[in-house]
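Chemist: pasting the sequence and the predicted model now:
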Amino acid sequence: MLTVDQYNYISTAYRVYGKKIRQIARETGHSKNTIKKALRREYSCYPVRKRQAYPVLGPYMATIDAWLEADKQRSKKQQHTAKRIYDRLCFEHSFPGSIRTVRYYVRDARRRLGLDTDQVFIPLDPNWARRPRWTGVRLTPS
C-alpha cells in the first residue's frame, strides 16, 4: 500500500516534472498499474471506521457507562470529567490503559447517552460590526 507521501511524489513527478509512468515506476519500484491508480486518485476511497475498538478499555466500559448514567441526575459541576474517570479507574480498578483512550471513549459515550449538550450560540446581528466602540473618553455633564 502506498503512503500519502508516495502519492504526492507520483502526482508531482507526473504533472509538474512531466515524467512518464514507466520512469516513475522504475524510480519508485511500483508497477505501472499502481502508478496509474495513484494518478486517478483511487487512494482517496479508504474505508472510514464505523466503530472505534477499545481493546484495553473493554472490561471497564460498562463501569464508565454506569458512572455517566448516574451523572444525568447530578448538576453540571458534580459530573465526571474524563480526567476524573481515568483517575478513578486507575485507583479503584487498576486500569492499565492511557488517559487518551479514556478521553476518546468518554467523548463518544457522552454523545451516545445524551450528556453532551454543549452547543455554540452565535448571535446573528448584522449591525454588530458597525456599532461605535467606546474610545475611553468620558464626557462630563456641564
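Modeler: Good, I have the coordinates.
Chemist: okay, CA-based contacts and neighbour counts for the rest of this
Modeler: Will do.
Chemist: show me how the chain divides into domains.
Modeler: 4-45, 58-113 (automatic domain parsing).
Chemist: where does pLDDT dip in this protein?
Modeler: The model of the chain has pLDDT under 70 over residues 42-46, 117-118, 121-123, 125-142.
Chemist: centroid residue for it?
Modeler: Tyr104 (9.2 Å; CA atoms, centre = their mean).
Chemist: how many residues are close by Ile10?
Modeler: Using other CA atoms under 10 Å, Ile10 has 22 other residues around it.
Chemist: go on, Thr34?
Modeler: There are 15 residues near Thr34, going by other CA under 10 Å.
Chemist: related to what we said a few turns ago, quick one: the residue nearest to the centre of the chain from Ile21, how far?
Modeler: To Ile21, Tyr104 is 43 Å away according to CA to CA, to the nearest Å.
Chemist: would you confirm that Phe95 contacts Ile85?
Modeler: No. Applying CA atoms under 8 Å as the test, Phe95 and Ile85 come out as separate, 10.6 Å apart.
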